[in-house]
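1. I would like to see how this sequence folds:
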Amino acid sequence: MKAQSLNVFILNDDVMVAGKLRRYLKKRFGDKLNISLFFNSRSCLRMLNGQVDLVVVDDYLQESTHSGIPGLDMLQKVKEKDPNTEVVILSSDEDVATAVEAMKLGARSYIRNDRSAWQQILTIIDQNIQQPIRYLIAEFGVNVFMAVFFTVFAVMGIITYLALRYWIH
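-> Numbering: from 1, shown residues only. Model (predicted):
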């Protein structure tokens, strides 16, 4: 049985930067990630289908029409199309008000595009992969039903143990 992968979209108008980020993440995670590159917002939104876990968006995309689309606008469009998709905005701007607005609009993170940016993205992806159900699927190759069943069973066992321990003492 094939383990489930995390689906990641990278939306960046700089082909070299997007490619380097893809190689960096693939080197770390290998087959645990399915990474798709997009160089304009329209193609990215068209492919967003409810199966995407994370979209990494460049804060300012220079579209082919020479009119850019701000990262916050793209964040809103992604969230309108699929509220469960997490969005990380990469920005060269240190504007705190924009970062706060991004978080209010539902961004997972607003990352300053500096030397530590890719490491921060790596950490976010690692946290998503380590979620209990996704971890069971990826590491043990069980199907989603069995992973959910096992997780619920384990949590209920812990709650019962703690309740009995409290009740007896």
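2. C-alpha only now, for contacts and for neighbours.
-> Fine.
3. the residue most central in space within the chain bridge partners, please.
-> The chain has Leu54 as the residue nearest its centroid, 2.7 Å off, counting by Cα atoms, centre = their mean. For Leu54, the beta-bridge partners are Val8, Glu86 (DSSP bridges).
4. how's this structure carved up into domains?
-> Following automatic domain parsing, the chain resolves into domains at 6-130, 141-169.
5. could you pull out the strands for the protein?
-> Along the chain, the segments classed as strands by DSSP state E run 6-11, 33-38, 54-58, 60-62, 68-70, 86-91, 109-112.
6. for Met103, find the nearest of these.
-> Within the strands of the chain, the stretch nearest Met103 is strand 109-112; the backing value is 6.8 Å (Cα to Cα).
7. nearest to Val142, of the strands of the chain?
-> Nearest of these to Val142, taken as Cα to Cα: strand 6-11 at 15.5 Å.
8. now do the closest one: which elements does it pack against?
-> When contacts are defined as 3 or more Cα pairs under 8 Å, 6 or more residues apart in numbering; DSSP states H and E, strand 6-11 packs onto helix 15-29, strand 33-38, helix 41-47, strand 54-58.
9. who touches that strand?
-> Strand 6-11 is contacted from outside by 18, 22, 32-41, 44, 51-58, 129, using Cα atoms under 8 Å, 6 or more residues apart in numbering.
10. rerun that using 7 Å as the cut-off
-> Contacts with strand 6-11, where a contact means Cα atoms under 7 Å, 6 or more residues apart in numbering, come from 18, 32-40, 51-58.
11. roughly how far out does it sit from the chain middle?
-> Its chain's C-alpha centre and that of strand 6-11 lie 7 Å apart, by Cα atoms, centre = their mean, to the nearest Å.
12. please apply the same query to stretch 27-43.
-> Relative to its chain's centre, stretch 27-43 lies at 11 Å (Cα atoms, centre = their mean).
13. check what contacts it and list those residues.
-> Contacts with stretch 27-43, where a contact means Cα under 7 Å, 6+ apart, come from 5-13, 18, 22, 26, 44, 63.
14. of those residues, which is the most crowded?
-> Neighbour tally across these (other Cα atoms under 10 Å): the maximum, 27 neighbours, falls on Leu11.
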